[in-house]
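Novice: take this sequence and fold it.
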Amino acid sequence: MNNGGLAFPCQGRSGLVENEGMSLRDYFAGQALEGLTGVTPVGEFETLEQLHKLCAETCYKLADAMIAERDKTKGR
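Specialist: Sure thing, here's the model as predicted:
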């Protein structure tokens with residue numbers, strides 16, 4: 001699976017990555033979650049677990065779509 005690479009790598013004094021941070025996929029999913037939480041119809045689910053599962057799946061699907069579109073525009 002393409003995780004988009006590193007979102008916030010931190011280089012040390014040697015120029016090498018010392019802290020990889022999170023993947024771009026995780027970052028995109030987190031950003032999608034922030035926008036999704038304001039529009040999710042909570043009352044349509046029997047349990048909060050169902051809502052949480054759907055939100056997580058949706059956010060990662062959006063993140064995967066963003067990475068795929070990004071790769072298309074970069075010719076990958």
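
Novice: could you use CA atoms for every contact and neighbour count after this?
Specialist: OK.

Novice: Met22 and Cys10 touch, don't they?
Specialist: No: proximity of Met22 to Cys10 does not meet the contact threshold set by CA atoms under 8 Å, at 10.7 Å.

Novice: can you pull the poorly scored residue ranges out of this protein?
Specialist: Residues of the chain meeting the criterion pLDDT under 70: 17, 19, 39-43, 76.

Novice: let's go with 80 and repeat that
Specialist: Scanning the chain with the threshold set as pLDDT under 80 gives 1, 8-13, 15-21, 36-45, 74-76.

Novice: need the strands for it, in chain order.
Specialist: 10-11, 17-19 (DSSP state E).

Novice: ok, and the closest non-adjacent residue to Pro9?
Specialist: Glu20 (4.6 Å; CA to CA, 6 or more residues apart in numbering).

Novice: how many neighbours does the one you found have?
Specialist: Using other CA atoms under 10 Å, Glu20 has 13 other residues around it.

Novice: then Thr73?
Specialist: Close neighbours of Thr73, defined as other CA under 10 Å, add up to 9.

Novice: for it, what are its contacts?
Specialist: Neighbour list for Thr73: empty [criterion: CA atoms under 8 Å, 6 or more residues apart in numbering].

Novice: and it, how far from Ala56?
Specialist: To Ala56, Thr73 is 26 Å away according to CA to CA, to the nearest Å.

Novice: could you do Leu36 as well?
Specialist: Here the criterion is CA to CA. By it, Leu36 lies 10 Å from Ala56.

Novice: what of Glu20?
Specialist: In this view, Glu20 and Ala56 are 23 Å apart by CA to CA.

Novice: for Asn3, same thing?
Specialist: 16 Å.

Novice: go on, Glu34?
Specialist: Glu34 sits 11 Å away from Ala56, taking CA to CA as the criterion.
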